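> Have a look; sequence and predicted model below, questions after that.
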Amino acid sequence: MKKRLSLVLLFVFTVFMTAHALAEDVSKGIHVGNAGSFTGDAAAPCMEIFNSAQIAVDEWNERGGIGGVKIEHIMGDDALDPAQGINVAQKFVADKRMYGVIGPPVSHIAQATLKIYGNNDLACITTAASKPELTELGYKHFFRVNARNDAHGYNCALFIKNYLKGRRIAILNEKVAYCENMATETIKGLKKLGITDILQDTIVAGAKDYSAVLTKVKAYNPDVLFFIATTAPDQAIGVRQAKELGIKAIFFGTEGARDKKDFIEASEGAAEGAYVYHFAPDIYAIPEAAGYIKKYESKYGSLSGFGPPAYEAMNILLTAIDKAAKDGDISRKEVVEYLSQTRNYKGILGFPITFDKKGDLEGGATYFFQVVGKDFKQITVMTGK
């Protein structure tokens, strides 16, 4: 009996010491990462993500940080390459002071790194990665403040049918996780709505010339051309070459096109009247965002739609880290647990954020914009109805 009791006490002691060993002293430092494509064609939106997250970190540090410790915000550049994304993930998980990551914002990078972050209990909040499977694999560390492609795809199908009045649709997509999935979900939605006259073909990121496939589109003579590319520079080439070839279809771009410089300006006027969808609303129409907007524009300049969700995500992450650090010790698992409890967080996006049991945003919407002059004008919001 005494031997059995000793074994039980030894087991309890071992569990306690293991749990204690996994926790770190808060005073040793608080690091948060930002995984994104800070060089290459996606640099502009990703830098907006980083800078917006930095504003949130600066605000927390001005208030004393977490437990009196200043927060350090560390950049991890994947250059839109999954292999480099893996290197970033390995670097972040090896940092014992790292308690959460904003990003990755691109689905195929998030997909490549999901297991690394998940196996190390390092929380990730993406602001844009929307492939549904990312939250269907059972990992508990991954959260999003944006809607998924299965929501965006159906909403885009509704928009094409009800707003653009499209009946004959051409869809061109890159052969990467986000683009392929977005094309699949949109086509599924179109067919559900009774639209089956669809041409689908593929494009290559960074090709600089889409005239060959656009010539097929011209011969098809669609009402709407849905150009599913990851980055704004590729979208700009697509809309410009479509106009040069005399394609009369309405140009409809994806979230990556919502960039004033790399899409509107780079298109040399061809983007006028084009439509894009996005995962974030017009931030200028939200009173709660005024302070953030003023800080961003005074320090970093022009603001598009990619930064506001990152400011929101960083504040949510730091709130979870702060709760986990209240007793002076902190672990990554605690941060993940507090993130999973996020309910009705009210920030600058105009809607409360709640994570469901998978880490997805409850009630996510799709926002639609039209290019008017040098800016994007929000014209409608869709929520699957």
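Happy to help now that I have it. Residues are numbered from 1 along each chain as shown.
> what residues go with each domain of the protein?
11-147+286-354, 150-278+367-382 (automatic domain parsing).
> Of those domains, which shows the lowest average pLDDT?
Among those, domain 11-147+286-354 carries the lowest mean pLDDT, a mean of 93.
> Just give the number of residues close to Lys96.
11 (other C-beta atoms under 10 Å). From N, CA and C alone the C-beta is placed, and that goes for glycine too.
> which residues of the chain fall in helices?
2-22, 43-62, 82-94, 107-119, 149-158, 177-192, 211-220, 232-244, 290-300, 307-324, 332-340 (DSSP state H).
> Dump those to CSV, plus mean neighbour count and distance to Val69.
Below are the helices of the chain laid out as CSV (neighbours: other C-beta atoms under 10 Å; distance: least, C-beta to C-beta, whole Å):
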stretch, mean neighbour count, distance to Val69
helix 2-22, 10, 19
helix 43-62, 22, 9
helix 82-94, 18, 19
helix 107-119, 22, 23
helix 149-158, 24, 38
helix 177-192, 21, 36
helix 211-220, 15, 53
helix 232-244, 23, 38
helix 290-300, 14, 23
helix 307-324, 25, 10
helix 332-340, 21, 15
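> Nearest to Met75, out of those helices?
helix 43-62 (6.1 Å; C-beta to C-beta).
> thought Leu214 was touching Gly246?
No. Look at Leu214 against Gly246 with C-beta atoms under 8 Å: they stay out of range, at 10.1 Å.
> ok so, going back, between the domains of the chain, which gets nearest to Leu361?
Nearest of those to Leu361, taken as C-beta to C-beta: domain 11-147+286-354 at 5.5 Å.
> Does Ala35 touch Ala89 like I think?
Yes. Counting by C-beta under 8 Å, Ala35 does reach Ala89; the two are 7.0 Å apart.
> so what sits against both of the two?
76, 113 (C-beta atoms under 8 Å, 6 or more residues apart in numbering).
> Leu122: neighbouring residues, count only.
For Leu122, using other C-beta under 10 Å, the count is 24.
> Quick check: it vs Lys191, distance?
39 Å (C-beta to C-beta, to the nearest Å).
> same question, Ala129
For Ala129, the distance to Lys191 - C-beta to C-beta - is 25 Å.
> try Asp327
54 Å.
> how many other residues sit next to the closest residue to Asp25 other than its chain neighbours?
Closest residue in space to Asp25, ignoring its immediate chain neighbours: Asp329 at 6.4 Å, by C-beta to C-beta, 6 or more residues apart in numbering. Per other C-beta under 10 Å, the neighbour tally for Asp329 reads 17.
> so Asp329 makes contact with Lys28?
No. Between Asp329 and Lys28 there is no contact, the gap being 10.3 Å when judged by C-beta under 8 Å.
> hey, what's in contact with both of the two?
Here Asp329 and Lys28 have no joint contacts, going by C-beta under 8 Å, 6+ apart.
> can you pull the contacts of Glu297?
So Glu297 contacts Leu303 (C-beta under 8 Å, 6+ apart).
> ugh, wrong one, Pro132
Per C-beta under 8 Å, 6+ apart, neighbours of Pro132: 148-150, 181, 185.
> With distance to Thr230 added, can I get these in JSON lines?
Listed next are those as JSON lines, based on distance: C-beta to C-beta, whole Å:
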{"residue": "Arg148", "distance to Thr230": "17"}
{"residue": "Asn149", "distance to Thr230": "13"}
{"residue": "Asp150", "distance to Thr230": "18"}
{"residue": "Asn181", "distance to Thr230": "12"}
{"residue": "Glu185", "distance to Thr230": "16"}
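> Just the closest of those to Lys385, please.
Asp150 (14.9 Å).
> can you tell me how far that closest one sits from Lys175?
19 Å.
> quick one: the closest residue to Glu133 other than its chain neighbours from Ala177, how far?
Residue nearest to Glu133 in three dimensions, not counting chain neighbours: Gln111, with 7.4 Å by C-beta to C-beta, 6+ apart. Gln111 is 5 Å from Ala177, where distance means C-beta to C-beta.
> Could I get the phi/psi values of the residue sitting nearest the centre point of the chain?
Centroid-nearest residue in the chain: Ala128, 1.2 Å away (criterion: C-alpha atoms, centre = their mean). Main-chain dihedrals, Ala128, degrees, to the nearest 10: phi -150, psi -30.
> quick one: contacts for the nearest residue to it once chain neighbours are set aside?
Closest residue to Ala128 apart from its sequence neighbours, by C-beta to C-beta, 6+ apart: Pro105 at 3.9 Å. Counting by C-beta under 8 Å, 6+ apart, Pro105 touches 36-37, 45-46, 49, 126-129, 306.
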